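1. Sharing a model prediction with you, sequence too.
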Amino acid sequence: MTYYFNEDMMRLISVCGKFCKTLVLAGVLMAAHPVYASVYHEVDDAGTTPGTAAYISWDTTTIFGAIHDDDGADVYGFEWGGGFFFADTFGSDFDTMLSLFNEAGKLLAFNDDFDQPLFSQLSLELDPGNYFLGITYYDNNYGGNMRYYVEEGIEGSYQIQKSISQLMPAPLLIVGEDVANVPEPATLALVAIGVLGVLLNRRRKHAL
């Protein structure tokens, strides 16, 4: 009886070890990739000033929008938790220009063409704070502050891919957006604990 119980415990220890390895791997993947990713579709006009800009959630990774003959640029406000920021316009159907502004609308970074004509890209370290990301066509407000955008524009659709800050907390609930959810580490841990509890109960009944 004692030998059978020891063998049973060894099997349980082996199962625990496998679960621990799985949790460690999951933790590494969670650290390397966003826990949440949401897509924002422009509603009406995003505006070109801090007061009229469209504000997106911190976890937005893709923005779909358009500019028009009477709407030459769009500006999006977002909260940043600090770290490396990246954005590009691959997938747009016109010659784009990307600008990053601080909370007061002052230009921090600008790009017209990156790697290939038509598309733009920004990449830089940012301190925690509130920022604005502006998109327009060449050469509307080339390298200028936010207030120099002009209303006259062209017809075109754009797509912006942007990074999210890993230092921001994961939201409890997101309503009205397309969200791709990935289980959080705490959820994985609870699942593992539940499975281990079931295994322990089965081993105990089997030993009795």
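-> Yes, it's here. This one's a predicted model, so the numbers in the text were calculated from it and none came from an experiment.
2. For Asp95, give me its contacts.
-> Going by Cβ atoms under 8 Å, 6 or more residues apart in numbering, Asp95 touches Asp113, Pro117, Leu118, Tyr137, Tyr138. No exception for glycine: its C-beta is placed from N, CA and C like everyone else's.
3. how about those residues in TSV, adding neighbour count, pLDDT and distance to Asp44?
-> Below are those laid out as TSV (neighbours: other Cβ atoms under 10 Å; pLDDT from 0 to 100; distance: Cβ to Cβ, whole Å):
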residue	neighbour count	pLDDT	distance to Asp44
Asp113	14	92	29
Pro117	9	82	30
Leu118	15	88	26
Tyr137	19	96	19
Tyr138	15	94	24
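4. Can you lay out the residues you listed as a markdown table showing secondary structure and distance to Glu125?
-> Shown next, in a markdown table, are the contacts of Asp95 (DSSP: H, G, I helix; E, B strand; the rest coil; distance: Cβ to Cβ, whole Å):
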| residue | secondary structure | distance to Glu125 |
| --- | --- | --- |
| Asp113 | coil | 22 |
| Pro117 | coil | 27 |
| Leu118 | coil | 26 |
| Tyr137 | strand | 28 |
| Tyr138 | coil | 27 |
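5. Show me which of those residues is closest to Ala46.
-> Of all those, Ala46 sits closest to Tyr137, with 14.2 Å by Cβ to Cβ.
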